[in-house]
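Student: What shape does this take:
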Amino acid sequence: MSKAIHALGIDMTDEYAQISYILSGETEPVSFTVNPEEKSYLIPASLYYRKENDTWYAGYEAVFNSETDKREAYAFDRDIKYDKDKMTKYLGLLIKLLEESLDARIEGVICVSEEDDDLESTGCIYGAMKNLGYDDEHMRVINHDEAFIYYTINQKRELWVNDVMLFDFTKKHFKYRRFHETKGRTPSVIEVSCEDYSEDIHYSLIDTEFGRLKADRLFMDIALRELKSHIVCTTFLTGSGFYREWGEEAIQKLCERRKVFKGYNLYVKGACFAALKKYDNTMPKKHIFQCKGRTIADVGLPISNQGKDMVIALSQSGTNWYEAGAEAECIVDDADGINLVIVSARDGHSYYKFISLKDFPERPNKTTRVKITLGYKNDTDFEIIVKDMGFGELFKASGKTVRETVCIRELFGEG
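Tutor: Prediction:
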């Protein structure tokens, strides 16, 4: 009998993909290697189609067959990232490779992590997963900020009792992320800030002795500035750039009175933990995430129900923006609009947004039923749609619709 996989994480970058999994009954992710003897954890981000035998190949097989045929393979950033059909082929082949290698079957949730979460690429991944037969309850897409959070909070508490730094150096970028937990409330708020230093420290810089010295100095400056401003207990180094000979002085400085870890699998294991969290939805919510890709406020609709004032939740802070949103129906009570209450996750302050319905047909009190739909455009802007639904046989729906975009940061005075 094949084994059951309850959580699967796939991290995809322009250079390579990685896979990690958690089997039934286990709690820790295991990194998948194509070749156990060589420990080949990094799978080339390549896809290839051989016309001669009408077969698709991914990863190492794509590279091998394209070199054999002397024809170019499809590259992730150029050909796959925004093409749903090619993304379907690529993810399907990775999943098939894992299941066949382990003699296992995925019975839980798949979480794909990516560097950024722009609408087009995220939609492409979701579309590909649906093509492969997975529904919304069995898939997630997160960015590297969120994968960093999931990885960190699943480590020993001593490693994140204070701030955690992450330096990410690849052929594409040099990024710095800082994990910070605001304590004193339940659930606590975890924020990740991200700075891009790719123009200052880039891969070609460390090709020469002079460049390595310059990169060392720049890296040291960034590290010392952060250590001076924040109490840091742990530092993670990830990406192929940290496997080249440079930065030793800065790394030694980071090691003073704090732990430093280097590896490739932080994001993919974070994705696997995120998959497990969604699979085991009985796990309590201990934290609100505030990072790129997560909503920054609670959005509610104040109503009166049988004489009692209450608020219908339309969206909760810390939700993946692509999954956030809701629909609600209500009867407008002697008003020419509706109010939304928007509560900041950071400080708990409440803000109100009035949506005018002045163009709706005039009717007697409590005879206008409306449908309210909320959906996010990104992690800080949402669209609210209010549609006139009429009132049974008395008043037919007029077809009138109000559509308005709410910029939360502008509402908070941060825009």
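
Student: Could you use CA atoms for every contact and neighbour count after this?
Tutor: OK.

Student: So, low pLDDT: which residues of the stretch 251-400 of the chain?
Tutor: For the stretch 251-400 of the chain, the stretches flagged by pLDDT under 70 are 282-284, 334.

Student: Which residue, other than its chain neighbours, is closest to Gln316?
Tutor: Distance criterion C-alpha to C-alpha, 6 or more residues apart in numbering; nearest residue to Gln316, sequence neighbours excluded, is Asp298 at 4.4 Å.

Student: From Ala128, how far out is the one you found?
Tutor: 30 Å (C-alpha to C-alpha, to the nearest Å).

Student: mind checking how far stretch 52-66 is from the chain centre?
Tutor: 30 Å (C-alpha atoms, centre = their mean, to the nearest Å).

Student: Give me the buried positions along it.
Tutor: Trp56, Tyr57, Ala58, Gly59, Tyr60, Glu61, Ala62, Val63, Asn65, Ser66 (16 or more other C-alpha atoms under 10 Å).

Student: check contacts around Ala345.
Tutor: Taking C-alpha atoms under 8 Å, 6 or more residues apart in numbering, we find Ala345 in contact with Val189, Ile296, Ala297, Asp298, Ser317, Gly318.

Student: Name the next helix or strand following the longest helix seen in the chain along the chain.
Tutor: Counting residues, the longest helix found in the chain (DSSP state H) is helix 209-229. With elements assigned by DSSP states H and E, the helix or strand that comes after helix 209-229 is strand 232-238.

Student: Can I get the helix or strand following that next one in PDB? Just the C-alpha atoms.
Tutor: Next helix or strand after strand 232-238 toward the C-terminus (DSSP H and E): helix 248-254. C-alpha atoms of helix 248-254 as PDB (Å, rounded to 0.1, in the frame of the first residue of the first chain):
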ATOM      1  CA  GLU A 248      33.300  35.600   5.900                       C
ATOM      2  CA  GLU A 249      33.900  38.700   8.100                       C
ATOM      3  CA  ALA A 250      30.200  39.700   8.100                       C
ATOM      4  CA  ILE A 251      29.200  36.100   8.800                       C
ATOM      5  CA  GLN A 252      31.600  36.000  11.800                       C
ATOM      6  CA  LYS A 253      30.100  39.200  13.100                       C
ATOM      7  CA  LEU A 254      26.600  37.700  12.800                       C
END
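
Student: Use 892 as the first number from now on
Tutor: New numbering, starting at 892: the last item is helix 1139-1145.

Student: same for helix 1139-1145, what does it pack against?
Tutor: Where contact means 3 or more C-alpha pairs under 8 Å, 6 or more residues apart in numbering; DSSP states H and E, helix 1139-1145 is packed against helix 1100-1120.

Student: can you list contacts of the helix it packs on?
Tutor: Outside of helix 1100-1120, the residues within contact range by C-alpha under 8 Å, 6+ apart are Asp1091, Ile1092, Leu1096, Ile1097, Trp1137, Gly1138, Glu1139, Glu1140, Ala1141, Leu1145.

Student: try 7 Å
Tutor: Ile1092, Leu1096, Ile1097, Trp1137, Gly1138, Ala1141 (C-alpha atoms under 7 Å, 6 or more residues apart in numbering).

Student: do stretch 1183-1191 as well
Tutor: Contacts of stretch 1183-1191 (C-alpha under 7 Å, 6+ apart): 1008, 1034, 1036, 1181, 1202-1212, 1231-1236, 1270-1271.

Student: just stretch 1041-1051 next, same as before
Tutor: So stretch 1041-1051 is contacted by Cys1124, Thr1125, Leu1157, Lys1160, Gly1161, Phe1164, Ala1165 (C-alpha under 7 Å, 6+ apart).

Student: now, which of these sits nearest Asn1053?
Tutor: Cys1124 (5.6 Å; C-alpha to C-alpha).

Student: Spit out the contact partners of the closest one.
Tutor: Applying C-alpha under 7 Å, 6+ apart, the residues near Cys1124 are Leu1050, Trp1051, Asn1053, Asp1054, Val1055, Arg1149, Lys1150.
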